[in-house]
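Participant: have a look at this fold, sequence not included:
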């Protein structure tokens, strides 16, 4: 049994082993209190220098290995699934890693081994669940199609990918437009994978005379806005008015309305 578990140095232990056990003991206490602090703070808690800590335990991953934290194979999927719900309910700033661990049925140590912090967790949630990537894939596959073919496909991809995670969509709307550095990946994906390519496509179609000329970013807002509005109000209008149109119908109707509004000047049909 190690000194970290007994609370006293093992007989014959070297100074390095004693220091390592103190660090591990401090890490276990921190986890039980709510989470792992930065390694520099952990060095202070253990009463060792930062240089000593980094010599003995060079990384957070190594510390977690020494803590013998090995998540079960399904833990990652459970954590991500629960994180989507909690991000939707509380946003990025309000999410509690402790609450997430409890909901996912994993230890705090296992959670921090999988995702060292909220920024890493949010990045992975965005990669897996945000609609940016499905929309980008649909666009890439049909980028050579005319607007009347491409836009309904984009609308369907957006609604299908986002319908099960409307809370996350609400969170993304706030985080993408906000200053939080932890949401940088969401901003990058929104700009690089969807907004910029679609804006370039609309510019090209306007130049070719297939769409009415206007600021392409405004045109894109006019297209995406009603789709997002539908997503975040669908449950409400279902309860209030019995609205139950299939997502494909919604995508096609809203796309058709946009296409009619974007007909080139002078074209009436």
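Facilitator: Perfect, I can see it now. Quick caveat: nothing in here was measured; it's all calculated off a predicted structure. Residues are numbered from 1 along each chain as shown.
Participant: domain assignment for the protein?
Facilitator: 3-66, 75-122, 130-261 (automatic domain parsing).
Participant: pick the most deeply packed of the ones you listed.
Facilitator: Across the domains of the chain, averaging neighbours per residue (mean count of other C-beta atoms under 10 Å) puts domain 75-122 on top, at a mean of 18. All C-beta atoms are positioned from the backbone trio N, CA, C, and that covers glycine.
Participant: do I have it right that residue 101 meets residue 111?
Facilitator: Yes - counting by C-beta atoms under 8 Å, residue 101 touches residue 111, with 4.5 Å between them.
Participant: same list, the domains of the chain, but as a markdown table with mean pLDDT please.
Facilitator: A markdown table is the format used below for those (pLDDT from 0 to 100):
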| stretch | mean pLDDT |
| --- | --- |
| domain 3-66 | 76 |
| domain 75-122 | 86 |
| domain 130-261 | 90 |
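Participant: phi, psi for residue 197 please.
Facilitator: phi -60, psi -40 (degrees, to the nearest 10).
Participant: the closest residue to it other than its chain neighbours in helix, strand or coil?
Facilitator: Distances taken as C-beta to C-beta, 6 or more residues apart in numbering put residue 139 closest to residue 197, at 5.8 Å, once the chain neighbours are dropped. Using DSSP: H, G, I helix; E, B strand; the rest coil, the structure places residue 139 in helix.
Participant: residue 139: what's it in contact with?
Facilitator: 150, 154, 194, 197, 198, 201 (C-beta atoms under 8 Å, 6 or more residues apart in numbering).
Participant: for it, give its distance to residue 106.
Facilitator: In this view, residue 139 and residue 106 are 36 Å apart by C-beta to C-beta, to the nearest Å.
Participant: ok, back up a step: of the contacts of residue 139, which is the nearest to residue 183?
Facilitator: In terms of C-beta to C-beta, no member of the contacts of residue 139 lies closer to residue 183 than residue 194, at 15.4 Å.
Participant: ok, the closest one touching residue 137?
Facilitator: No - contact criterion C-beta under 8 Å: residue 194 and residue 137 do not qualify, at 10.6 Å.
Participant: for the one helix or strand residue 22 maps to, packing partners?
Facilitator: In the assignment (DSSP states H and E), residue 22 maps to helix 15-33. Contact analysis of helix 15-33 by 3 or more C-beta pairs under 8 Å, 6 or more residues apart in numbering; DSSP states H and E lists helix 3-6, helix 39-46, helix 50-56, helix 60-66, helix 108-114 as its packing neighbours.
Participant: switch to 7 Å and redo it
Facilitator: Applying 3 or more C-beta pairs under 7 Å, 6 or more residues apart in numbering; DSSP states H and E, one finds that helix 15-33 contacts helix 3-6, helix 39-46, helix 50-56.
Participant: for residue 20, find the nearest of these.
Facilitator: Of all the helices and strands packed on helix 15-33, it is helix 50-56 that lies closest to residue 20, at 4.7 Å by C-beta to C-beta.
Participant: contacts for that closest one?
Facilitator: If you take C-beta atoms under 7 Å, 6 or more residues apart in numbering as the criterion, helix 50-56 is touched by 16, 19, 20, 23, 39, 40, 42, 43.
Participant: can I get the residues you listed in TSV with distance to residue 57?
Facilitator: Shown next, in TSV, are the contacts of helix 50-56 (distance: C-beta to C-beta, whole Å):
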residue	distance to residue 57
16	11
19	10
20	7
23	6
39	7
40	12
42	9
43	10
